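Enquirer: sequence first, then the predicted structure, then my questions.
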Amino acid sequence: MSIRERLDISAYLVIGSENCNCPVEEIVAAAVEEGFTCVQIRSKVASAREMISILKKSAQVIHELGKSDSVALLVDDRLDVVLAAREAGIKVDGVHVGQNDIPVEVCRKFLGEDSIVGLSANSTEIITGADVSKIDYFGVGALHATSTKADTEKILSLEEISELVKVSPLPIVVGGGVKLKDIPSLAATGVQGFFVVSAVAGADNPKLAARELVAAWKK
């Protein structure tokens, strides 16, 4: 069974070097050890070579935890980085793109059928109009205003998120300023997962923060 078939977006970490005060792979290791199921490397400041280095180290810690077959390692936007990392022998499982990034059909063409392709989608029109044969899940947000993504288009209410879940043919993961206290009400909308940046990467104790988030979601 491929990682695409096993995809679990229930606890999804988004992280880049600009989001944490220690090496990215240390946060990744802490989150995965505490039950995070998906990791996306996202950076608007790192060079391609820096991102490849981060991917190599992150893939290594996921492997050392015995989770390479169950925890997906993705890259935000940078299809070129995914391809270059794979060429270097790094296990990168796919890409996540936004509405203004590389089209999903191009990602699927270059990455193949066993890879994961996620798409940002914040409206019923986008979700119902998407070619779901090319993608695996929708990323939705923001739940709150957040400093980690300055180009957030709009804040979504829990009611709006519930409506998106009803029309979506694919799993939905929601983020954007998500905190521990948001998890119960977010889970009640029917989404398949939550994604966080600062709640783990910016925490005083990332390992404890990850543990609490996963426990709240499972509860």
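Expert: On my side now, so go ahead. Residues are numbered from 1 along each chain as shown.

Enquirer: pull the distance from stretch 191-207 to the chain's centre.
Expert: 11 Å (C-alpha atoms, centre = their mean, to the nearest Å).

Enquirer: helix or strand for Ile126, just tell me which one.
Expert: helix 124-129 (DSSP states H and E).

Enquirer: now do the buried residues in that helix.
Expert: Ile127 (16 or more other C-beta atoms under 10 Å). C-beta: built from backbone N, CA, C; applies to glycine.

Enquirer: so what's the gap between that helix and the chain middle?
Expert: 20 Å.

Enquirer: can you list contacts of the helix or strand just after it?
Expert: Under the assignment DSSP H and E, the closest C-terminal helix or strand after helix 124-129 is strand 137-141. Applying C-beta atoms under 8 Å, 6 or more residues apart in numbering, the contact partners of strand 137-141 are 7, 9, 96, 116, 118-122, 127, 130, 149, 152, 156, 161, 164, 168, 170-176, 191-192, 195.

Enquirer: re earlier: show me what the helix holding Ile126 is packed up against.
Expert: helix 158-167 (3 or more C-beta pairs under 8 Å, 6 or more residues apart in numbering; DSSP states H and E).

Enquirer: what is the helix it packs on packed up against?
Expert: helix 124-129, strand 137-141, strand 172-175, helix 183-187.

Enquirer: now tabulate the ones you listed in JSON lines and tack on distance to Ala201 and mean pLDDT.
Expert: Conversion of the helices and strands packed on helix 158-167 to JSON lines gives the following (distance: least, C-beta to C-beta, whole Å; pLDDT from 0 to 100):
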{"stretch": "helix 124-129", "distance to Ala201": "28", "mean pLDDT": "94"}
{"stretch": "strand 137-141", "distance to Ala201": "16", "mean pLDDT": "97"}
{"stretch": "strand 172-175", "distance to Ala201": "12", "mean pLDDT": "98"}
{"stretch": "helix 183-187", "distance to Ala201": "17", "mean pLDDT": "97"}
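
Enquirer: now those as TSV including distance to Lys56?
Expert: Below are these laid out as TSV (distance: least, C-beta to C-beta, whole Å):
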stretch	distance to Lys56
helix 124-129	33
strand 137-141	24
strand 172-175	25
helix 183-187	32
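
Enquirer: of all the ones you listed, which one is nearest Leu208?
Expert: With C-beta to C-beta as the measure, helix 183-187 is the member of the helices and strands packed on helix 158-167 nearest Leu208 (15.0 Å).

Enquirer: could you list the buried residues of that closest one?
Expert: Ile183, Leu186, Ala187.

Enquirer: can I get the residues you listed in a markdown table with distance to Ile90?
Expert: Below are the buried residues of helix 183-187 laid out as a markdown table (distance: C-beta to C-beta, whole Å):
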| residue | distance to Ile90 |
| --- | --- |
| Ile183 | 32 |
| Leu186 | 32 |
| Ala187 | 33 |
